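1. let's see this in three dimensions:
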Amino acid sequence: MQNGIKYSSRYFDNICFIVLSELVNNNITIKTCKHCGRYFIPVNRQAEVYCDLTPRSGNGKKCRELGARTTYAKNVKEVDGLLIYRRTYQKRLMELSRNPNTSEKDKKKFNAWKKSAQEKIKEFKKGKITEEQLKIWMEENKDL
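-> Here you go, the predicted structure:
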């Protein structure tokens, strides 16, 4: 494996044992994919939660792509504050991009709102504010 030793055996059980032994000896973590449930070894960083495999119902896309998108969509549907943020963001962005008379002041105002809204979302994700507090803040500040 990593140390250059080559193994051979006629029995599959022996090969599996050697592979598992190498994994344990090299402190390699085996994780379960949050999207498809299969086991995988993180490649880039230990905090990975999705594998690079294509799920059985994945229309050719990998779990890494599908999992993050699915989790985000699920969170937006379940958390009212995130849904309000997404709708407000899309609406204001569309207004800015379609209006030929958009001023720098309007763009700065939008960016300031976006930054403060994202800070509130971070606070919610860290548990500093509740879901209800996030929703109230988004509703009160969506027209600023």
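2. tell me how many other residues crowd Gly67.
-> By other CB atoms under 10 Å, 20 other residues sit near Gly67. All C-beta spots, glycine's among them, are computed from the backbone N, C-alpha and C.
3. hey, where'd the strands end up in the protein?
-> 31-32, 39-40 (DSSP state E).
4. figure out which of those is closest to Arg10.
-> strand 39-40 (25.6 Å; CB to CB).
5. outside of the closest one, which residues touch it?
-> Applying CB atoms under 8 Å, 6 or more residues apart in numbering, the contact partners of strand 39-40 are Ile30, Lys31, Thr32, Cys33, Glu48, Cys51, Asp52, Leu53.
6. now do 7 Å
-> Ile30, Lys31, Thr32, Cys33, Cys51, Leu53 (CB atoms under 7 Å, 6 or more residues apart in numbering).
7. now for Cys51, how many residues are close by?
-> Cys51, neighbours per other CB under 10 Å, totals 24.
8. wait, it sits on Cys63?
-> Yes - Cys51 is within contact range of Cys63, at 4.9 Å (criterion: CB atoms under 7 Å).
9. so what sits against both of those two?
-> With CB under 7 Å, 6+ apart, Cys51 and Cys63 have common neighbours Cys33, Cys36.
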